[in-house]
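Colleague: Predicted model follows, preceded by the sequence.
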Amino acid sequence: MIKKIKSIILHPFFSGSAVMIIGSNVANFFAYLYHLIIGRMLGPSGYGELASILSLVGLFSVTFGFLGLVIVKFVSGMKEGEIRSFYLWVTKRSLVAACAVSVILLLTSGYLSIFLNVPVRSIILTVPLLFILFMSFIYTSFLQGLLRFGRLVVSSNFSLLGRLILGVLFVYLGFSVFGALAGVLLSSLLGLILAVYFLKDYWRKGKSHFTFKRSKEVFAYAVPIFIMSMATNSMYMTDVILVKHFFSAHMAGIYASLSTMGKIIFYGSAPIASVMFPLVSREHAKKGNYKKVFFFSVLLTSALIIGLILVYWLFPGIVLRILYGSKFIEGTPYLVWFGIFIGLFTLSSLFLNYFLSKGTTKVTLFGLVAAVAQIIGICFFHKDLLQVISVSVWISLILLISLLIYFWYETRLDSNSGIQSG
């Protein structure tokens, strides 16, 4: 029994999850402390402006967010020499892509400023921010694929702690929303430098003796990953932007506080998916017991979701008053519903990551349809905040049910064909 318990504890899923859950939740603490303090300092109107701009950055991040899963998928199954050639290959192309995305954002800054009703200088500040986040995400994905979870956590925490300190300082000095964004920019740069340093063994060496020859395979896998990333990012970011467009600045701020509280569920469980993805990918490549890892992931994620939703249901007013103050108390009736929306979406995202980690890309269409349906639904049904949230709840529920049916269907096919997957 002792040996059994020890083997479970030392399993890469549990040891990696422990590092990621502890480290990532410390990072989440810094991130939410940033939002909570900045929210109090800026008030509902200013915070609504900041949240809409950060959501905009998140949507543009879709253009590189998908690369993270691609990198993790390939790195987790590569040999050392091939990893270095892949690192150099990705870095060169990522620099070009980051510049292209930044130029697009710069050219559309005027229109985006009008649509979101925010100063154009704040939109322009997101141009270098997006470039830095692009490259930073590339390198942290390499750390994840290499199972270097400790260094990944250190890099993330360093960046988010800097965001908190610099953001609060700049807002206190009177720079308002622009100052909060400047804090994000500088701290993200520090995080990028640290991530590059942690990968020094791949760029300090001389010329690679290997030439990366799997570019076609990478691009073929990248297309469905891009679709999935675009869809999942849209699901929890587009609603904030649409609410900022359809509602008053005050109500947009209230909704932004609900969104931040709801994302505690998503980001709190994200470390589990981060550990699951490379492990399932590796075990699937070796024809190992990958489903066991997935089932553990579902159990841990479900337990976390249920616990947080119960807190939002039983103590919504206390939670909002403590974290955001009395100015945001209007969001009390909606908090549990937002928690349900994000909980359903989080489970759906876990299933999507599971399918993609073993190369099943058809499921990306489920996420794409859900994202489009959410946008259309909110555009037609936005009488009040509850109606907006209800649209997201129903779309997320249908998405999860669809993925469960597909999982059952795939499992049955594997059983009938005699495939041993654990």
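Modeller: Arrived safely, thanks for sending.

Colleague: Contact partners for residue 294?
Modeller: 276, 280, 354 (CB atoms under 8 Å, 6 or more residues apart in numbering). C-beta: built from backbone N, CA, C; applies to glycine.

Colleague: Quick one: the residues you listed as CSV, columns for neighbour count, pLDDT and secondary structure too.
Modeller: Output for the contacts of residue 294, formatted as CSV (neighbours: other CB atoms under 10 Å; pLDDT from 0 to 100; DSSP: H, G, I helix; E, B strand; the rest coil):
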residue, neighbour count, pLDDT, secondary structure
276, 25, 83, helix
280, 26, 82, helix
354, 24, 89, helix
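
Colleague: now, which of those sits nearest residue 299?
Modeller: Each of these was scored against residue 299 by CB to CB, and residue 276 proved nearest at 11.6 Å.

Colleague: excluding its backbone neighbours, what's nearest the closest one?
Modeller: Once flanking residues are discounted, residue 276 sits nearest to residue 297: 4.3 Å by CB to CB, 6 or more residues apart in numbering.

Colleague: mean confidence score for the helix or strand where that neighbour lies?
Modeller: Assigned by DSSP states H and E, residue 297 belongs to helix 290-314. Averaging pLDDT along helix 290-314 yields 90.

Colleague: Then stretch 407-417?
Modeller: 76.

Colleague: Please apply the same query to stretch 101-108.
Modeller: Mean predicted confidence for stretch 101-108 is 86.

Colleague: what residues does it touch?
Modeller: 60, 63-64, 112, 123-124, 126-128, 130-131, 134.

Colleague: The residue nearest to residue 276 contacts residue 351, doesn't it?
Modeller: No: applying CB atoms under 8 Å as the test, residue 297 and residue 351 come out as separate, 9.8 Å apart.

Colleague: coming back round to it: now list the buried members of the contacts of stretch 101-108.
Modeller: Buried subset of the contacts of stretch 101-108 (neighbour count, 16 or more other CB atoms under 10 Å): 60, 63-64, 112, 123, 126-127, 130-131, 134.

Colleague: Quickly name whichever of the residues you listed is closest to residue 392.
Modeller: Using CB to CB, the buried ones among the contacts of stretch 101-108 come closest to residue 392 at residue 60, 21.1 Å.

Colleague: Now do the same for that closest one: its pLDDT.
Modeller: Reported pLDDT for residue 60: 72.

Colleague: surely it meets residue 130?
Modeller: Yes: counting by CB under 8 Å, residue 130 is a contact partner of residue 60 at 5.6 Å.

Colleague: what ranges do the helices span in the stretch 51-200 of the chain?
Modeller: Applying DSSP state H, counting those that start in this stretch to the stretch 51-200 of the chain gives helices spanning 62-75, 80-107, 109-116, 120-145, 149-170, 176-198, 200-203.

Colleague: how about those, which one is nearest residue 241?
Modeller: Nearest to residue 241, of these and by CB to CB, is helix 109-116 at 7.1 Å.

Colleague: got the buried residues for that closest one?
Modeller: 109, 112-113, 116.

Colleague: can you list those in TSV and add distance to residue 380?
Modeller: Shown next, in TSV, are the buried residues of helix 109-116 (distance: CB to CB, whole Å):
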residue	distance to residue 380
109	29
112	23
113	26
116	21
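
Colleague: helices or strands up against the helix or strand in which residue 352 is found?
Modeller: Per DSSP H and E, residue 352 falls inside helix 335-357. Contact partners of helix 335-357 among helices and strands, from 3 or more CB pairs under 8 Å, 6 or more residues apart in numbering; DSSP states H and E: helix 62-75, helix 215-246, helix 249-285, helix 290-314, helix 316-323, helix 364-380, helix 385-417.

Colleague: so that helix versus helix 249-285, what angle?
Modeller: 30 degrees (axes from the mean of the first three to the mean of the last three CA atoms, to 10 degrees).

Colleague: now helix 335-357, how far from the centre of its chain.
Modeller: 11 Å (CA atoms, centre = their mean, to the nearest Å).

Colleague: Give me the angle between it and helix 290-314.
Modeller: Using the same axes, to 10 degrees: helix 335-357 against helix 290-314 is 170 degrees.

Colleague: So which of the helices of the stretch 51-200 of the chain is nearest residue 30?
Modeller: Of the helices of the stretch 51-200 of the chain, the one closest to residue 30 (CB to CB) turns out to be helix 149-170, at 4.0 Å.

Colleague: ok, and what's touching that closest one?
Modeller: 16, 19-20, 22-24, 26-27, 30-31, 33-34, 37-38, 41, 136, 140, 143-144, 178-180, 182-184, 186-188, 190-192, 194-195, 198, 274-275.

Colleague: If you count neighbours, what's buried in that helix?
Modeller: Buried-residue list, helix 149-170, by 16+ other CB under 10 Å: 149, 151-164, 166-168, 170.

Colleague: got the angle between it and helix 176-198?
Modeller: Using the same axes, to 10 degrees: helix 149-170 against helix 176-198 is 150 degrees.

Colleague: I'd like to know the average pLDDT value across helix 149-170.
Modeller: 87.

Colleague: Keeping just the C-alphas, turn that helix into PDB.
Modeller: Below are the C-alpha coordinates for helix 149-170, written out as PDB (Å, rounded to 0.1, in the frame of the first residue of the first chain):
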ATOM      1  CA  PHE A 149       7.100  23.300 -14.600                       C
ATOM      2  CA  GLY A 150       9.100  24.900 -11.900                       C
ATOM      3  CA  ARG A 151      10.800  27.400 -14.200                       C
ATOM      4  CA  LEU A 152       7.600  28.000 -16.000                       C
ATOM      5  CA  VAL A 153       6.000  29.000 -12.600                       C
ATOM      6  CA  VAL A 154       8.900  31.200 -11.600                       C
ATOM      7  CA  SER A 155       8.700  33.100 -14.900                       C
ATOM      8  CA  SER A 156       4.900  33.600 -14.600                       C
ATOM      9  CA  ASN A 157       5.000  34.700 -11.000                       C
ATOM     10  CA  PHE A 158       7.900  37.200 -11.700                       C
ATOM     11  CA  SER A 159       5.900  38.800 -14.400                       C
ATOM     12  CA  LEU A 160       2.600  39.000 -12.500                       C
ATOM     13  CA  LEU A 161       4.200  40.300  -9.300                       C
ATOM     14  CA  GLY A 162       5.900  43.100 -11.400                       C
ATOM     15  CA  ARG A 163       2.500  43.900 -13.000                       C
ATOM     16  CA  LEU A 164       1.000  44.300  -9.600                       C
ATOM     17  CA  ILE A 165       3.700  46.600  -8.200                       C
ATOM     18  CA  LEU A 166       4.200  48.700 -11.300                       C
ATOM     19  CA  GLY A 167       0.500  48.900 -12.100                       C
ATOM     20  CA  VAL A 168      -0.500  50.100  -8.600                       C
ATOM     21  CA  LEU A 169       2.500  52.600  -8.600                       C
ATOM     22  CA  PHE A 170       1.600  54.100 -12.000                       C
END
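
Colleague: Alright, that wraps it up for me.
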